[in-house]
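S.K.: sequence and predicted structure, then a few things I'm wondering about:
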Amino acid sequence: MRFLVSRVFLEDGRLHGLRSAHQGYWRRLFHQGVLLDGGILEEGCREVLVIDAADRETVHQVLAADPYTQERLTLSVTVQSMDDLLGTEARERPARPRGARAVDGADMLGRLSAHEWRVSRMMLEGLTNRQIAERLTVSPRAVEQHITRIYRKLSISRRAQLAVALRAEREPVA
């Protein structure tokens, strides 16, 4: 099963000192096919991860081994099953083998990659391209390219159409 994990960290100087160990831990899990995607949001205070695990207990065991968790720097943790988030459509879609990449840029969240979903959510929050670029620490041009791909995949041409297209993306086909 796939799980979406959102964690909020304490604002503590130890975060910076443990960053290398934290990144190394998750890099190993990525190469093992456990971490499917993830990233830091809100200037390092929040992290979102997509984890492949047998059940919630396994997810919590994986999180418990993270250096940030061991140092008690985690303020809150939310673990959600991707099936619960996306409805029956996710259950009907065949699972890819661990470590397998999506075809044509599609990801476990549907046609959009996890990164494209993050960009889409920021767009829906009303952030400008420049603000999105700052949060993701990329260039505004990179954000424009992500948005172009999102629009192409969803067959839309402007931000005003995004919420409706994403809702259709998440709802099961009748």
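M.R.: Looks like it came in fine. Numbering: from 1, shown residues only.
S.K.: and the closest residue to Ala65 other than its chain neighbours, what element?
M.R.: Distances taken as C-beta to C-beta, 6 or more residues apart in numbering put Tyr25 closest to Ala65, at 7.0 Å, once the chain neighbours are dropped. (C-beta placed from N, C-alpha, C; glycine too.) In this assignment (DSSP states H and E), Tyr25 forms part of helix 14-31.
S.K.: export the next helix or strand after that helix to CSV, keeping only CA atoms.
M.R.: Beyond helix 14-31 on the C-terminal side, the first helix or strand identified by DSSP H and E is strand 35-41. Taking only C-alpha atoms (Å, rounded to 0.1, in the frame of the first residue of the first chain), the coordinates of strand 35-41 have been written out as CSV:
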residue,chain,number,x,y,z
LEU,A,35,10.2,6.1,-0.2
LEU,A,36,8.5,6.8,-3.4
ASP,A,37,8.6,10.6,-3.3
GLY,A,38,8.9,13.4,-0.8
GLY,A,39,9.9,16.9,-0.1
ILE,A,40,10.3,19.7,2.4
LEU,A,41,7.7,22.4,2.5
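S.K.: tell me what the closest residue to Glu47 other than its chain neighbours is bridged to.
M.R.: Closest residue to Glu47 in three dimensions, ignoring its sequence neighbours and counting by C-beta to C-beta, 6+ apart: Arg7, at 4.8 Å. Beta bridges link Arg7 to Glu47, Val77 when assigned by DSSP bridges.
S.K.: for the residue nearest to Ala65, grab the count of nearby residues.
M.R.: Burial of Tyr25, expressed as a neighbour count using other C-beta atoms under 10 Å, amounts to 19.
S.K.: check the gap between it and Gly38 for me.
M.R.: For Tyr25, the distance to Gly38 under the criterion C-beta to C-beta, to the nearest Å works out to 12 Å.
S.K.: go on, Ser139?
M.R.: Relative to Gly38, Ser139 is positioned 21 Å away (criterion: C-beta to C-beta).
S.K.: do Ala160 as well
M.R.: Ala160 sits 30 Å away from Gly38 when distances are taken as C-beta to C-beta.
S.K.: for the residue nearest to Ala65, give me its contacts.
M.R.: When contacts are counted by C-beta atoms under 8 Å, 6 or more residues apart in numbering, Tyr25 touches Ala65, Asp66, Pro67.
S.K.: filter those residues to the buried ones?
M.R.: Among these, those classed as buried by neighbour count (16 or more other C-beta atoms under 10 Å) are Asp66, Pro67.
S.K.: what is the nearest of the contacts of Tyr25 to Ala133?
M.R.: Proximity to Ala133 was ranked across those by C-beta to C-beta; first place goes to Asp66, at 27.6 Å.
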